[in-house]
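J.: Sequence and computational prediction follow.
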Amino acid sequence: MKRTILFAILLCSAFAFSSEGKDTLLVGYTPAAPFIIEKEGGRLEGINVWLWKRVSEDLGLPYTMVRMNFSQMLDSLKAGNIDVCINPLTITSDRSKEMEFTDSFYASHSTIVVAKKSSFQKIKQFVQSFFQLNFLRGFLLLFFILMFFGILAWLFERRKNPQDFRPGAKGLWDGLWWSVVTLTTVGYGDKAPKTRMGKITALGLMFAGLLFVSGLTASIASSLTVNQLANETADFSDFKDRRVGTVKSSEADEFLRTHFFKNVQTYDGVVPGLVDLKKRKIEAFIYDAPIVRHRIKKDSSLQQLEVLPLKFDVQFYAFGVNKDSVELEQAISLRILEIIESPQWQVVLSEYGLSEL
């Protein structure tokens, strides 16, 4: 009962606002799918569009939609040139000093978009793994072991087994060949030691090879794994020294600057930033996760981009209202609360591929 009375009071406040000299509200927006989707002919749809239509119809608020870029829209709202902004604005303390916020209707977070690696880049990365210092050390040690036992076997066998271990430089090659065949357990049988010391040398090579090869295999696997992990991004701070992009005057823009990102390129919207990322003019694009995911999913020209599994900078979305329209903000907020508590809100979110955070 009390809630009904409060709603009636706020509804009267909304009507009072309309009668004070502003019969039609100016509502600013900029396309931000899936919240605001601009179709052919200027027709609008999306989560926020649906929500605003419900609120305005229930409160009896006449309005005119005004398309702006994001930065211009915020400036206009702060200056009182528009009455309401229906974009998913992140509630921040700085913004709250210059505009009113309705109650939040959705929680999100920022993420990072990067260009997918081409097949050539993946092959190049794999080949480079074999030139890591630890990897090369292992192979040099292997070569030393093969040479050591090959020369040792040749020294013991060259007089009593000259048909397998020939004298001179050819014999050194025979020893190396024998040690490689023995260590790899190929076992061609074309060369074999016949002296006691030659056979002891062969036993030493077998046992040393058994221990060393297992260690070398582990070293190779470790080197490849470490190199792969080094090329994967585990945190947003890995991009602090890279050239990244975001939307001008957005919460992501403020987040990057307060976290000391050194090279930030700003754009008027999401699409120009993603296009520059595709052209590799920037190394990453950082923005609200649901917006960039939806854009990449729906735009076939952006399939070369991928969203990293990173979540940071939790954000609470709300409508923005002119600072001088407190009563209007309260009326809108109450109606938003009632709508998002209804089962229909979950249906609308799922229709656009979203769910509560």
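T.: Ah, there it is.
J.: And Lys160, how far from Val181?
T.: Separation of Lys160 from Val181 (C-beta to C-beta, to the nearest Å) stands at 20 Å. Any C-beta I mention is one placed from the backbone N, CA and C, and that applies to glycine too.
J.: Those two: which is more packed in?
T.: Set side by side, Lys160 and Val181 show more neighbours around Val181, with 16 against 12, by other C-beta atoms under 10 Å.
J.: So that one lies in a strand, does it not?
T.: No: read with DSSP: H, G, I helix; E, B strand; the rest coil, Val181 is helix and lies in no strand.
J.: Can you name the residues that contact it?
T.: Counting by C-beta atoms under 8 Å, 6 or more residues apart in numbering, Val181 makes contact with Gly187, Tyr188, Asp190, Lys191.
J.: Now do the contacts for Gly269.
T.: The contact partners of Gly269, by C-beta under 8 Å, 6+ apart, come to Thr30, Pro31, Asn69, Phe70, Val247.
J.: now those residues in TSV, with pLDDT and neighbour count?
T.: Formatted as TSV, the contacts of Gly269 follow (pLDDT from 0 to 100; neighbours: other C-beta atoms under 10 Å):
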residue	pLDDT	neighbour count
Thr30	95	22
Pro31	94	20
Asn69	93	15
Phe70	94	25
Val247	96	25
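J.: Okay, and which of the residues you listed map to strands?
T.: Among the contacts of Gly269, DSSP state E puts Val247 in strands.
J.: Select, from the contacts of Gly269, the two members most distant in space.
T.: Pro31 and Val247 (11.6 Å; C-beta to C-beta).
J.: Just list the residues touching Gly175, thanks.
T.: Residues in contact with Gly175, defined by C-beta under 8 Å, 6+ apart, are Phe149, Gly150, Ile151, Leu152, Ala153, Trp154, Phe165.
J.: how close does the first one get to Val180?
T.: Using C-beta to C-beta, we find Phe149 at a distance of 10 Å from Val180.
J.: re the thing from before, just put the contacts of Gly269 in JSON lines and tack on distance to Glu306.
T.: Below are those laid out as JSON lines (distance: C-beta to C-beta, whole Å):
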{"residue": "Thr30", "distance to Glu306": "25"}
{"residue": "Pro31", "distance to Glu306": "22"}
{"residue": "Asn69", "distance to Glu306": "26"}
{"residue": "Phe70", "distance to Glu306": "24"}
{"residue": "Val247", "distance to Glu306": "19"}
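J.: What is the nearest of the contacts of Gly269 to Ser300?
T.: Nearest to Ser300 out of those is Pro31 (C-beta to C-beta; 17.8 Å).
J.: nearest spatial neighbour of that closest one, skipping sequence neighbours?
T.: Glu38 (4.5 Å; C-beta to C-beta, 6 or more residues apart in numbering).
J.: which residue ranges form the strands in this protein?
T.: Taking DSSP E, the strands of the chain run over residues 25-29, 37-38, 44-45, 63-67, 84-90, 100-101, 106-115, 243-247, 263-267, 284-288, 305-307, 312-321.
J.: The stretch 1-150 of the chain: helices as residue ranges?
T.: Ranges of helices in the stretch 1-150 of the chain, per DSSP state H, counting those that start in this stretch, are 2-18, 47-59, 70-79, 93-96, 119-129, 133-157.
J.: typed the wrong thing, it's the stretch 201-350 of the chain
T.: In the stretch 201-350 of the chain, the helices defined using DSSP H, counting those that start in this stretch lie at 251-258, 270-278, 289-298, 326-340, 343-351.
J.: Go through those and name the closest to Asp313.
T.: helix 251-258 (4.8 Å).
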